[in-house]
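S.K.: Dropping the sequence and predicted coords here.
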Amino acid sequence: MKKIFLIFFIFIFSISANSESRFGELTEIFDERMRGQENQWVRPHPGPFVWSHIEPEKGDFYWDETDKYVKYAQDHNQKILATIWPFAKWDQITCNKKKKSRSPFGKKFPKRLNKPCSMDNYLIFLEKLVDRYNADGKNDMPGLVKPITHWEIMNEPEFKMFFKGTEDEFVEIFIVSSKLIRSKQKDSKIVMAGAAGMFPENKKYWNSVLPKIKDHFDIANIHHITPPDGKCDKQMWVDEFSNLLKKIEIKKPIWVTEAMVGKCKVLQIYSNAFASGAEKIFDVGINAPGPKMSKKSRAKLKEFINKIDGFDNVELISKKKAEYTMSDGSKKIIEF
């Protein structure tokens, strides 16, 4: 009897551990508090998938740092959303020597954040990157079990602190990157570079760019970062972002890959975002810059995730309650 119970328990645990989570975190493997949670998504940020870090000199590829992230994720049943940064110091200096930027990630990050001088060299790097982590049995990372299937091409390109190029240059990089990834990995999912909110300048940028790239990504991507005063949008911009997508006739899943709650109630803002169409939400992490989530709110978020992760549907039933429908058909009420 005990043996039957143990087998049943292992079976149920296996289903739970391998079902796809609705939640994730921004991670930094060198910070113990920022390594993400087991059985959830992780978005290393800025992460190790930086051209300059992997190929510090032309033709010299260094995989130790990326391998560490992938091995850690495998060991903790995490799924990686990899952000690709198409900047290499040795490449940028050949045509962008006078175009320095103030790096948002410190001295180790490239200072020049322009379109690659050689797109051919960039694509060689990208092909090797995807080839190492696509788990096709050829040129894979030693010990690779779970492939990286989700690739985010760049980050908040409307902000010059992350990309100094023009709209057309971003579009060019995005499209050629998407085409290469899809050619190397048939089951890959391309995630749109995260929009930095839905302020007028963001809407103007993406209203122009999205029609040009809409056939080259699978998942739409919005960020909700609160300013120093903690002011927040109660839907994490998902409602306005959804309206923008509809206007351009784009029907794609929506992920919030940078989520801060600011002064909003954590359970309410998450429920509002899910009800407005978010498929997944990635917390910025306990040690991210900016306004911090209180310990009480973070405890509530943890309990909330444990209770409703893997849900099928959510409906707001009042200003203070949401009803989550679970995969087994059961209902769970969350009060804000």
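M.R.: Good, I have the coordinates.
S.K.: Next one: the nearest residue to residue 100 once chain neighbours are set aside from residue 47, what distance?
M.R.: Of all residues not flanking residue 100 in the chain, residue 111 sits nearest, at 5.0 Å (C-beta to C-beta, 6 or more residues apart in numbering). Using the backbone N, CA and C atoms, a C-beta is placed for each residue, glycine as well. Residue 111 sits 18 Å away from residue 47, going by C-beta to C-beta, to the nearest Å.
S.K.: Of those two, which one has the most company?
M.R.: More crowded of residue 111 and residue 47, by other C-beta atoms under 10 Å: residue 47, with 25 against 16.
S.K.: helix, strand or coil for the nearest residue to the more buried one once chain neighbours are set aside?
M.R.: Distances taken as C-beta to C-beta, 6+ apart put residue 83 closest to residue 47, at 5.3 Å, once the chain neighbours are dropped. Following DSSP: H, G, I helix; E, B strand; the rest coil, residue 83 is assigned to strand.
S.K.: Ok, residue 20 next?
M.R.: Assigned by three-state DSSP, the conformation of residue 20 is coil.
S.K.: what sits against it?
M.R.: By C-beta atoms under 8 Å, 6 or more residues apart in numbering, the contact set of residue 20 is 79, 310.
S.K.: Give me the local confidence score for it.
M.R.: If you check residue 20, the pLDDT there is 91.
S.K.: how far away is it from residue 40?
M.R.: With distances taken as C-beta to C-beta, residue 20 is found 10 Å from residue 40.
S.K.: How about residue 254?
M.R.: Taken as C-beta to C-beta, the span from residue 254 to residue 40 is 18 Å.
S.K.: Helices along the stretch 1-150 of the chain, start to end?
M.R.: 2-18, 51-54, 64-75, 89-92, 119-133 (DSSP state H, counting those that start in this stretch).
S.K.: Pull out the buried residues from the third one.
M.R.: Of the residues in helix 64-75, those scored as buried under the neighbour-count criterion (16 or more other C-beta atoms under 10 Å) are 65, 66, 67, 69, 70, 71, 72, 73.
S.K.: Quick one: mean pLDDT over it.
M.R.: Mean pLDDT, computed over helix 64-75, is 98.
S.K.: In a strand, residue 223, correct?
M.R.: Yes. Remark: residue 223 belongs to a strand, assigned using three-state DSSP.
S.K.: Just list the residues touching the closest residue in space to it that isn't next to it in sequence, thanks.
M.R.: The shortest distance from residue 223 to any non-neighbouring residue, by C-beta to C-beta, 6+ apart, is to residue 258 (3.9 Å). Shown in contact with residue 258 (C-beta under 8 Å, 6+ apart): 26, 45, 194, 223, 224, 225, 282, 284.
S.K.: Partner strands of the helix or strand where residue 258 lies and their direction?
M.R.: Using DSSP states H and E, residue 258 maps to strand 254-259. Paired with strand 254-259 in the same sheet, following DSSP bridges, are strand 220-224 (parallel), strand 278-283 (parallel).
S.K.: in stretch 177-191, what's buried?
M.R.: If you call a residue buried by 16+ other C-beta under 10 Å, then stretch 177-191 has these buried ones: 177, 178, 180, 181, 182, 184, 185, 188, 189, 190, 191.
S.K.: Any chance of CSV for those, columns pLDDT, distance to residue 92 and secondary structure?
M.R.: Conversion of the buried residues of stretch 177-191 to CSV gives the following (pLDDT from 0 to 100; distance: C-beta to C-beta, whole Å; DSSP: H, G, I helix; E, B strand; the rest coil):
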residue, pLDDT, distance to residue 92, secondary structure
177, 99, 17, helix
178, 98, 22, helix
180, 98, 20, helix
181, 98, 22, helix
182, 98, 26, helix
184, 97, 25, helix
185, 98, 27, coil
188, 98, 27, coil
189, 98, 29, strand
190, 98, 24, strand
191, 98, 24, strand
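S.K.: Need the residues you listed in TSV (columns: distance to residue 141).
M.R.: TSV is the format used below for the buried residues of stretch 177-191 (distance: C-beta to C-beta, whole Å):
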residue	distance to residue 141
177	20
178	22
180	19
181	17
182	20
184	15
185	14
188	16
189	19
190	21
191	21
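S.K.: Quick one: neighbours of the residue lying closest to residue 66 once chain neighbours are set aside, just the number.
M.R.: Of all residues not flanking residue 66 in the chain, residue 48 sits nearest, at 4.4 Å (C-beta to C-beta, 6+ apart). Neighbour count for residue 48, taken as other C-beta under 10 Å: 20.
S.K.: Quick check, residue 220 in contact with residue 253.
M.R.: Yes. Assessed by C-beta atoms under 8 Å, residue 220 is found in contact with residue 253 at 6.9 Å.
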